[in-house]
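In: prediction below, plus the sequence it came from.
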Amino acid sequence: MATTINFKDYFDLPVWRPEAPPLASVTAGMCLAWDNRNTLAGSPYLYFLRSTTALDVYDPMNGDWMALASPGLAGSVAAGSAIVLHPSQGPSGTISGTGANTTSFALTTALPAAVGINQLANRGDSLGFLVRVVSTSAGKTEIRRVVACTSGTTPRLWLDSPLTFTPTGTDTYEFRSGRVYMLAAGTTAAGFWKHYDILTNSYSGNLSTTNLPSTIGTDSIAMVLAEAYVPYNRSPGEGFISGGATNSDNLNCIQATAATSTSITASGIPTDIQADEYRNFQVRIVEDTVTPTSVGQRRRISTHTSGSTAVFTVASWAVTPSSSAKFVVENDNDKILLRTSASTSIFTYNITANTWDTTTFAAGGSAPGAGMMFQQGFGYTRDVGVNARHSHVFAFRGSGTNTLDIFDIAGAATGAWTTGVVYGKQAQTFTTGTCGAYDPATREGRFMHININGTQRFAKFDLKNRVLDAGSYFRFSQSTAIVGQKLACGLFVDGNTKANFVYALNNTQQYMHSLVIQ
């Protein structure tokens, strides 16, 4: 039976409900991460960085916690620690052409760790992991769920439905399973920055910390630019711009009409696309049956023209797409943005290169502090005046202020800041204990839910229309306010019905509660 949601204002007040308590009392720097994809593609768990030796998962479907193996982070989990889930990262490599068919193939490039028989057919909610097959032989990209697998580091996979082509030894796989990136606090050292690979239940080695602050402290928040994050009314893989075509997976995409070694020309996209509205995003080729080897390429957009036939200028293609290629415009999937340690800088982690820099994006005019928030507005749709853009990142400054700065990813070659932005009901100040969780999947992808200063008061901020409103009163006492990401979201999906839940860890207590977003 389909789920029917029919809340009535005034009659049905939102009510917080107790959840299973976390595995330890919540102290400064402990933080949550979750998958913000707007479909069942998303990982079903919440992830909780409890200490340098403890990463836990919470199962919203069954209502309990489970400890994972130790991440072995250096430093400590304290003020300044951060955690973020990147949904579009996961193991990738080449496929074996030996014995491959439309519903089964083996991997050639080894996974980071061995998996057991059929392990990849249940990611925790009885659904298999998603794998994207990029066929440079057929010129197509298609996503399927794994329904069975053999064991080892190069398992054979069986898919839930046939591909429209038979993979060959030149084709590649990309698991859409996600990785959880973790940052410790204290004096920066090797082992401060690592990731947990969800697919293989394994940890990376020590990732680079060069160009991070010498000390991680005060407060931190990390944000991913994930290609899987799209507006509420689009599916992961369709990007931000509606086009006049579909690929072989029946996903919306843009039909090209021309391409050069450094550009691609669109057709059939909205006439109100503004010049450089999606600068610093990426183009990804999703189909090209004329030049099959161009498929799967991702290139960062340096500039683009306006209108329905916009020309996107990109870094040089390895293989120039044909004039009949199909493509999408998405977030630059290779980037994680970090604000930390009361610095004006945006610290950018380049995933493929495993490097940090402070030059990809411009520094802000004022440093954030305790209680800061940092969120891209990717879930809403553009307004008729094209004032609310997907390139806008909302940065509440914290530090006992009510100041909102907006960073526009596309505002210039390295983005552009607008400081002290006016918004509706601008009075409440934010400081230690404040944190926010964005819901991009329901209520038109407009709202970020905020715990105010670690108190029993909550608010919601409409990113699209820039208005702060009262949230749902938290009828449970909190203790000492502390920094750290203590809110998360969990998405319920039943056919066309979606409901998002906010999960809140109590400050300096061993409790968690949840609230269905109405």
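Out: Looks like it came in fine. Numbering: from 1, shown residues only.
In: looking at this, Gln375 is in a strand?
Out: Yes: applying DSSP: H, G, I helix; E, B strand; the rest coil, one finds Gln375 inside a strand.
In: please name the bridge partners of it.
Out: Beta-bridge partners of Gln375, counted by DSSP bridges, are Phe394.
In: so how far is Ala222 from it?
Out: Gln375 sits 11 Å away from Ala222, taking CB to CB, to the nearest Å as the criterion. The way it works is simple: take the backbone N, C-alpha and C, and place the C-beta from them, glycine included.
In: for Pro292, which non-adjacent residue is spatially closest?
Out: The shortest distance from Pro292 to any non-neighbouring residue, by CB to CB, 6 or more residues apart in numbering, is to Gly139 (3.3 Å).
In: do you know the pLDDT at the one you found?
Out: pLDDT for Gly139: 98.
In: over to the one 3 residues further on?
Out: At Glu142, the predicted lDDT confidence score is 98.
In: not counting sequence-adjacent ones, nearest residue to it?
Out: Asp249 (5.0 Å).
In: I figured the residue nearest to Pro292 hits Val295, correct?
Out: Yes: the criterion here is CB atoms under 8 Å, and Gly139 meets it with Val295 at 5.2 Å.
In: can you check which residues contact both of those two?
Out: Counting by CB atoms under 8 Å, 6 or more residues apart in numbering, the residues touching both Gly139 and Val295 are 287-288.
In: can you get me a residue count around Thr344?
Out: 14 (other CB atoms under 10 Å).
In: quick one: secondary structure of it?
Out: For Thr344, the assignment made with three-state DSSP gives coil.
In: Gly80 versus that one, what's the distance?
Out: To Gly80, Thr344 is 16 Å away according to CB to CB.
In: for Tyr475, give its distance to Pro14.
Out: Just so we're on the same page, residue 475 is Arg rather than Tyr. Plainly put, Arg475 is 11 Å away from Pro14 if you go by CB to CB.
In: compare the two (neighbour count), which wins?
Out: Pro14 (14 against 9).
In: contacts only, for the closest residue in space to that one that isn't next to it in sequence.
Out: Nearest non-adjacent residue to Pro14, counting by CB to CB, 6+ apart: Ser472, 4.0 Å away. The contact partners of Ser472, taken as CB under 8 Å, 6+ apart, are 13-16, 458, 515.
In: PyMOL command to pick out the buried ones of those?
Out: In PyMOL, this line selects whichever of the contacts of Ser472 come out buried by 16 or more other CB atoms under 10 Å:
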select buried, resi 16+458+515
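In: hmm, Thr414 and Thr359 touching each other?
Out: Yes: assessed by CB under 8 Å, Thr359 is found in contact with Thr414 at 7.1 Å.
In: ok, these two, which is more surrounded?
Out: A direct count of neighbours by other CB under 10 Å for Thr359 and Thr414 places Thr414 higher, at 14 against 11.
In: any idea how far the more buried one is from Ser302?
Out: Distance of Thr414 to Ser302, computed by CB to CB: 12 Å.
In: before we move on, what about Pro270?
Out: Remark: distance between Pro270 and Ser302 (CB to CB) = 21 Å.
In: and Gly420, by the same measure?
Out: 29 Å.
In: could you do Arg144 as well?
Out: 34 Å.
In: swap in Ala318?
Out: Ala318 is 17 Å from Ser302, by CB to CB.
In: okay, these two: which has more neighbours?
Out: Counted by other CB under 10 Å, Ala318 and Ser302 do not tie: Ser302 has more neighbours, with 15 against 10.
In: show me the contacts for the more buried one.
Out: Contacts for Ser302 (CB under 8 Å, 6+ apart) come out as 279, 313-315, 413.
In: host element of it?
Out: Per DSSP states H and E, Ser302 falls inside strand 298-304.
In: give me the buried entries from the contacts of Ser302.
Out: Judged by 16+ other CB under 10 Å, buried ones among the contacts of Ser302: 279, 313-314.
In: so which of those is the closest to Ile409?
Out: Closest approach between these and Ile409, by CB to CB: Arg279, at 7.6 Å.
In: leaving out sequence neighbours, find the closest residue to that closest one.
Out: Ala410 (4.0 Å).
In: assign the one you found to helix, strand or coil.
Out: coil.
In: show the pLDDT at it.
Out: On the pLDDT scale, Ala410 is placed at 98.
In: with Ala69 instead?
Out: pLDDT, Ala69: 98.
In: does it really touch Asp197, like I thought?
Out: No: Ala69 lies out of contact with Asp197 (CB under 8 Å); the separation is 11.7 Å.
In: the domain parsing of the protein - what is it?
Out: 92-175, 245-330 (automatic domain parsing).
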